[in-house]
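J.: Next one to model:
(2 chains, ligands or ions: 2)
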Amino acid sequence: MSVGHRLLAPGDSPVHRCPAHLKVLGLLGFMLLVVATPAAWYPAYGGYLLVLAVVIGVARVPPLHLLRRMVVEVPFVVFAIVLPFVAHGEQVEVLGLMVSQPGLVAAGTLLAKATLGVLAGLTLAATTEPHDLLVGLERLRLPSMLVQIMSFMVRYLDVVTDDLRRQHIALSSRGFTARNPRHWPVLARSIGALFIRSFERGERIHLAMLSRGWSGKMPRGMSSEMSNR
Amino acid sequence: MSTPVLDVRGLAHAYPDGHQALYGVDLHVHAGERVALLGPNGAGKTTLVLHLNGILTAGAGSVAVSGLPVTKANLQEIRRRVGIVFQDPDDQLFMPRVRDDVAFGPANLGLRGAALDRRVLEALEQVGMAAYADRPPHHLSFGQRRRVAVATVLAMEPEILVLDEPSSNLDPASRRELAEILESLDVTVLMVTHDLPYALQLCERSVILSDGVVAADAPTRELLSDAALMAAHRLELPYGFDPSHT
Ligand SMILES: Nc1ncnc2c1ncn2[C@@H]1O[C@H](COP(=O)(O)OP(=O)(O)OP(=O)(O)O)[C@@H](O)[C@H]1O
Ligand SMILES: [Mg+2]
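T.: Ligands and ions are numbered 1, 2, ... in the order given. Below is the predicted model of the structure:
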């Protein structure tokens, strides 16, 4: 299954049917609002979460589907946990540990904002086909070059993840498991090989495009829009 | 004799790293012919193919397509005349939907609107993939992707169809279906292949490229029956296959 489709939770709710560009605008507005909310306005964050919960409920996206995909937030969580220990300012005692009070507030805010942002993004991805998303972005007048790059990404992410998986299988079949740092050079080399393979594939795709008369820009009337007339 | 569709003369090519892949290749293909290009790994077949539409430029010698020399100034027209189907369909199919992919070439040639749609549908029908027009290419089976790759090129209505190892990685049924499609097309074909029975089935004439030169050019059956010639160029028939009895 493709990467974009792994995020998708197919369904036929009003949220699924809503045109992609409206959803993108909605997400953008929501994000701006969340980011602009001052630190420690906790009731406001509660309100945002409620709004999201309602949207997710209407879309009937299984909560577990979203929860499992929230792992992308882990780096933020780690950072949020470290923050109270390294930040300066007034110290307070929490569970017998001395931590920075401003650091604690900053961590709480970061966590709240990151969670809301990730959840909102995942909800969009869960209710919108990758292709419709691209069409939506195009309708929002995003420069077509950017949309093209993204559509190439959607298209080839799978090919590259497949390459990666095959490489992993080939390594494991020869008894390799990365257990400690001594194994890292092997991993580095295999990632290097993957990079070169992807780069060369890029070159071959370019050749294939040239062979069909491509002259540097996507022909007009030929964008992803056309298949949706 | 009429102007050949493909006229390659004294073509030589060295890659930028200094490796010389072609040493003076001469090859003519006439309208309506189906010619197989045979040869061992590393013989220079793909290198030759990349010269046919000006992706690589000749170090020495010349390539002409229906009389039009392959030069920078003619590239757009050359690429309309010469349709290349590459070995890995994933390299060729890069649009989000099959129909967009098939439309890419003709749209580059300036086709728009209903004429473009018609061209796309025709090409997909020729390879029996019209029902898949709205599917993303990466969700198709390998054999289906190969067929769509052929359609992307047919949509440009080329004068010559060049295929690099069309039967590789196909299961026997897909391989046969592709052969039927190729046989049904009314177009000149140059087919690079390691699949010698396929060459015999589809191409009346074969050319052996070996170490960057044309080593033989004869009717396919005659070539495949010449054991000494075959052995000299690392060509081997599949076990139990007898070219004189098919
Ligand atoms: N980009 C490149 N740079 C340098 N040398 C190359 C490059 N591509 C191919 N070669 C070399 O040129 C020679 C001919 O390669 P080519 O790919 O044309 O062979 P081929 O006949 O298509 O082989 P195969 O049957 O394996 O596909 C080989 O020796 C190869 O190593
Ligand atoms: Mg090759």
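J.: Would you map the strands across the chain?
T.: Picking chain A for this. Assigned by DSSP state E, the strands in chain A fall at A:91-94, A:97-100.
J.: The chain in question should be chain B.
T.: For chain B, strands defined by DSSP E occupy the ranges B:6-14, B:20-29, B:34-38, B:60-65, B:68-69, B:82-85, B:160-164, B:188-192, B:205-210, B:213-219.
J.: how about these, which one is nearest ligand 1?
T.: strand B:20-29 (3.6 Å; Cβ to the nearest ligand atom). (Glycine included, C-beta is placed from N, CA and C.)
J.: Tell me what angle the closest one forms with strand B:160-164.
T.: 140 degrees (axes from the mean of the first three to the mean of the last three Cα atoms, to 10 degrees).
J.: Let me know the angle separating strand B:20-29 from strand B:213-219.
T.: Going by the same axes, to 10 degrees, strand B:20-29 makes 30 degrees with strand B:213-219.
J.: Show me what strand B:20-29 is packed up against.
T.: Packing partners of strand B:20-29 (3 or more Cβ pairs under 8 Å, 6 or more residues apart in numbering or on different chains; DSSP states H and E): strand B:6-14, helix B:45-52, strand B:60-65, strand B:213-219.
J.: Quickly check: the worst-scoring helix or strand of chain B on mean pLDDT near ligand 1 or not.
T.: Ranking every helix and strand in chain B by mean pLDDT, DSSP states H and E puts helix B:89-92 at the bottom, with a mean of 87. No: residues of helix B:89-92 are not located near ligand 1 by Cβ under 6 Å from any ligand atom, the shortest gap being 13.8 Å.
J.: That helix - contacts with which helices or strands?
T.: Packed against helix B:89-92 by the contact rule (3+ Cβ pairs under 8 Å, 6+ apart) you find helix A:184-211, helix B:142-154.
J.: Any buried residues in the lengthiest helix in chain A, and which?
T.: Among the elements of chain A assigned as helix by DSSP state H, the one spanning the most residues is helix A:144-173. Buried residues in helix A:144-173, defined by neighbour count with 16 or more other Cβ atoms under 10 Å in any protein chain shown: A:144, A:147-148, A:150-151, A:154-156, A:158-160, A:163, A:171.
J.: how about the strands of chain B in a markdown table, adding mean pLDDT?
T.: Putting the strands of chain B into a markdown table (pLDDT from 0 to 100) gives the following:
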| stretch | mean pLDDT |
| --- | --- |
| strand B:6-14 | 96 |
| strand B:20-29 | 96 |
| strand B:34-38 | 98 |
| strand B:60-65 | 96 |
| strand B:68-69 | 95 |
| strand B:82-85 | 93 |
| strand B:160-164 | 96 |
| strand B:188-192 | 97 |
| strand B:205-210 | 97 |
| strand B:213-219 | 97 |
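J.: want to throw these into TSV with distance to residue A:203?
T.: As requested, the strands of chain B are exported to TSV (distance: least, Cβ to Cβ, whole Å):
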stretch	distance to residue A:203
strand B:6-14	17
strand B:20-29	17
strand B:34-38	23
strand B:60-65	21
strand B:68-69	26
strand B:82-85	15
strand B:160-164	15
strand B:188-192	19
strand B:205-210	23
strand B:213-219	27
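J.: from the helices and strands packed on strand B:20-29, which stretch is densest packed?
T.: helix B:45-52 (a mean of 22; mean count of other Cβ atoms under 10 Å in any protein chain shown).
J.: Just want the angle from that one to strand B:205-210.
T.: Orientation of helix B:45-52 against strand B:205-210 (the same axes, to 10 degrees) gives an angle of 110 degrees.
J.: Could you tell me how many residues sit around residue A:87?
T.: Using other Cβ atoms under 10 Å in any protein chain shown, residue A:87 has 16 other residues around it.
J.: Roughly how far does it sit from residue B:55?
T.: Going from residue A:87 to residue B:55 by Cβ to Cβ, to the nearest Å gives 58 Å.
J.: which helices and strands does the longest helix of chain A pack with?
T.: Applying 3+ Cβ pairs under 8 Å, 6+ apart, one finds that helix A:144-173 makes contact with helix A:3-7, helix A:130-139, helix A:184-211.
J.: Mean neighbour count, those helices: which tops it?
T.: By mean count of other Cβ under 10 Å, the helices and strands packed on helix A:144-173 have helix A:130-139 as the most buried, with a mean of 21.
J.: so how far is it from its chain's centroid?
T.: 16 Å (Cα atoms, centre = their mean, to the nearest Å).
J.: is that helix up against chain B anywhere?
T.: Yes: using Cβ under 8 Å from any Cβ of the partner chain, we find that helix A:130-139 touches chain B at A:130, A:131, A:134.
J.: now those as JSON lines including distance to residue B:36?
T.: Below are those laid out as JSON lines (distance: Cβ to Cβ, whole Å):
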{"residue": "A:130", "distance to residue B:36": "41"}
{"residue": "A:131", "distance to residue B:36": "39"}
{"residue": "A:134", "distance to residue B:36": "41"}
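J.: out of the residues you listed, who's nearest chain B?
T.: Distance to chain B, by Cβ to the nearest Cβ, is smallest for residue A:131 among the residues of helix A:130-139 next to chain B, at 4.9 Å.
J.: Is residue B:46 in contact with residue B:164, as I believe?
T.: Yes: counting by Cβ atoms under 8 Å, residue B:164 is a contact partner of residue B:46 at 6.0 Å.
J.: coming back round to it: between the helices and strands packed on helix B:89-92, which gets the lowest average pLDDT?
T.: Mean pLDDT per stretch puts helix A:184-211 lowest among those, at a mean of 86.
J.: I'd like to know which elements that helix is packed against.
T.: Helix A:184-211 sits against helix A:144-173, strand B:82-85, helix B:89-92, with contacts defined as 3+ Cβ pairs under 8 Å, 6+ apart.
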